[in-house]
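heads up, no residue letters with this:
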């Protein structure tokens, strides 16, 4: 029977060991399933189908906040800008960042208020202590007593009086431990407490952090405006690029018609024996070339349409009709000089305001890092009610219920922190130097951008006058050369060259007109006037 029980124990231990080993091997195998089995090919990680199904569900629901586009309506530039500002995801992202920065200001302000905590608890505990059983040998004590007080046997009262009035220096009887047990104590406790902690003095650290948070809020708010300016410029640029692409389609179509006209003229001369067949073949090749360019222009128009739709934040499949700007008057030359425009840009550009706010935030962080070297003074207090009852060795519970309270003033000054505060101060000072350099670099970049935008705008205006004259002269020359060719006074290469000059002049004219509007928007963006918010109401 004993051997059988031993075998059962051994078998049970083997089963437990096998079970633990199996669990361990499964965990190892499960860990291997979390990574690709090989680097040679892609794989499907666990739960990938769930993520794909969730994405498909979100795509089917669509975006309820997306602006609806009327496919029958023709949208002009202001309407397109309004759609982009309300629909482009970048504006919502910038808005949420501003809200987060505002919450950061509130978080910094909360450090000025006392910190209140209400707590309550109840518990039961059982504990025990070893309690020995003692045996006392009284015979040596009796012998000493008889020797010291002889009347102890005949007069116990007198012996007791002698023991009470005289110090006999009797030796303690020997004590031995014969065994023991445990002393069990049961305790029941409840408490309810209201605690307060209030930081009174920190030598400006909280104020500096609050100032830094306010500067970050300014950065987020101005960055929100900068996002709107960026979107307005992108929509404006894409709007005029789409209009230019449409004009280029018309130019390509006009060039194709002209090439076909030349081809017909060459065919007529060939039929009358005044031209050779190679000229006719070249005319056919020229028509095919312009037909190809017409198709390429249609493709460029489609790309420009997609770019505009993308800047609006709507799907590329959206049907959108865009107005033409052919009859729109050209913008005039700014009345201010380029120096005045640079001064205006340096005083109001959003990116410069952001860099200046960042500089102020870094200055506040330096002040906070320096204030961390000074002590912090706080007041602490608590008030509450506590109940404690205990029972020892199955006795009746005893204890009581009383109010508890306390208050103290604490001063905290770290003596050594492994140079943590010093490193924080050095990092803050380095950040301040970096912010100063970034502000100077942003100012220089703003000057360059304003100068370039102003120069591009003035150049585009001058090019417009030259392009108009170029187109007029090219069209006149083409008409004259074509008529001369029909009369046998000009050669076919002269007709082709004149035809190419007309196409190039028309294309340059449309490009220049679009460049004027785009460069005007770029100039407004460079000085911070594009989609500039209205000034706050005066108090």
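Now that the structure is in, tell me what you want to look at. For clarity, every value in this text was computed on a predicted model and none was experimentally measured. Numbering: from 1, shown residues only.

hang on, residue 479 is in a strand, isn't it?
No: going by DSSP: H, G, I helix; E, B strand; the rest coil, the assignment for residue 479 is helix, not a strand.

next, count neighbours for it.
12 (other Cβ atoms under 10 Å). The way it works is simple: take the backbone N, C-alpha and C, and place the C-beta from them, glycine included.

ok, it to residue 261 distance?
To residue 261, residue 479 is 11 Å away according to Cβ to Cβ, to the nearest Å.

and for residue 57?
58 Å.

could you verify my assumption that residue 209 touches residue 112?
No: with contact defined as Cβ atoms under 8 Å, residue 209 does not reach residue 112; the gap is 10.7 Å.

so those two - more neighbours on which side?
Neighbour comparison, residue 209 and residue 112: the larger count goes to residue 209, with 21 against 11 (by other Cβ under 10 Å).

tell me the secondary structure at residue 83.
The three-state label given to residue 83 by three-state DSSP is helix.

which SSE is residue 498 in?
helix 492-526 (DSSP states H and E).

give me the mean pLDDT for that helix.
Averaged over helix 492-526, pLDDT sits at 89.

could you list the low-pLDDT ranges of the stretch 101-250 of the chain?
Within the stretch 101-250 of the chain, the segments meeting pLDDT under 70 span 141, 151-154, 156-159, 161, 163, 168.

residue ranges for the helices of it, please.
139-148, 156-165, 205-271 (DSSP state H, counting those that start in this stretch).

quickly compare those helices and say which is most buried.
helix 205-271 (a mean of 20; mean count of other Cβ atoms under 10 Å).

quick one, what contacts residue 523?
334, 341, 450, 453, 454, 456, 457 (Cβ atoms under 8 Å, 6 or more residues apart in numbering).

tally up the residues packed near the fourth one, please.
By that I understand residue 453. Other residues lying near residue 453 total 22 when counted by other Cβ under 10 Å.

just want the angle from the helix or strand harbouring it to helix 492-526.
Assigned by DSSP H and E, residue 453 falls within helix 420-486. For helix 420-486 against helix 492-526, the angle by axes from the mean of the first three to the mean of the last three Cα atoms, to 10 degrees is 150 degrees.

between helix 420-486 and helix 205-271, how big is the angle?
Using the same axes, to 10 degrees, helix 420-486 lies at 20 degrees relative to helix 205-271.

and helix 420-486, what does it pack onto?
On a contact count with 3 or more Cβ pairs under 8 Å, 6 or more residues apart in numbering; DSSP states H and E, helix 420-486 meets helix 205-271, helix 338-348, helix 350-371, helix 492-526.

want to throw these into TSV with distance to residue 293?
Below are these laid out as TSV (distance: least, Cβ to Cβ, whole Å):
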stretch	distance to residue 293
helix 205-271	5
helix 338-348	39
helix 350-371	41
helix 492-526	8
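
quick one on the thing from earlier: next, the buried residues of the helix holding residue 498.
Across helix 492-526, burial judged by 16 or more other Cβ atoms under 10 Å covers 492, 495-496, 498-503, 505-526.

with stretch 72-80 instead?
So stretch 72-80, judged by 16+ other Cβ under 10 Å, has buried residues 75, 77, 80.

before we move on, what about stretch 90-99?
90, 91, 94, 97, 98.

closest to residue 274 out of those residues?
Nearest to residue 274 among those, counting by Cβ to Cβ, is residue 90 at 64.1 Å.

check the offset of stretch 385-399 from the chain's centre.
Between the centre of stretch 385-399 and the centre of its chain there are 57 Å (Cα atoms, centre = their mean, to the nearest Å).

and it, how far apart are its ends?
Stretch 385-399 has its terminal residues 14 Å apart, counting by Cα to Cα, to the nearest Å.

just checking, what packs against the host helix or strand of residue 288?
Residue 288 is part of helix 277-312 when elements are defined by DSSP H and E. Under the contact definition 3+ Cβ pairs under 8 Å, 6+ apart, helix 277-312 sits against helix 77-87, helix 205-271, helix 492-526.

can you give me the angle the longest one makes with helix 350-371?
Between helix 205-271 and helix 350-371, the angle formed by their directions is 160 degrees, by the same axes, to 10 degrees.

quick one: the helix holding residue 498 to chain centroid distance?
For helix 492-526 - counting by Cα atoms, centre = their mean - the centre lies 42 Å from the chain centre.

follow-up on the earlier one: tell me the mean pLDDT for the helix holding residue 453?
On average, helix 420-486 scores 91.

do the same with stretch 356-365
96.

got a list of contacts for it?
Residues contacting stretch 356-365 (Cβ under 8 Å, 6+ apart): 208-209, 211-212, 215-216, 218-219, 222, 428, 431-432, 434-436, 438-439.

now do 10 Å
204, 207-223, 424-425, 427-439, 442-443 (Cβ atoms under 10 Å, 6 or more residues apart in numbering).

buried ones in that stretch?
Applying 16+ other Cβ under 10 Å to stretch 356-365 flags 356, 357, 358, 359, 360, 361, 362, 363, 364, 365 as buried.

cool, and stretch 100-115?
Per 16+ other Cβ under 10 Å, stretch 100-115 contains these buried residues: 101, 102, 104, 105, 108.

and the buried residues of stretch 356-365, which is closest to residue 227?
Nearest member of those to residue 227, counting by Cβ to Cβ, is residue 357, at 15.6 Å.

from residue 528, how far out is that closest one?
Using Cβ to Cβ, we find residue 357 at a distance of 15 Å from residue 528.
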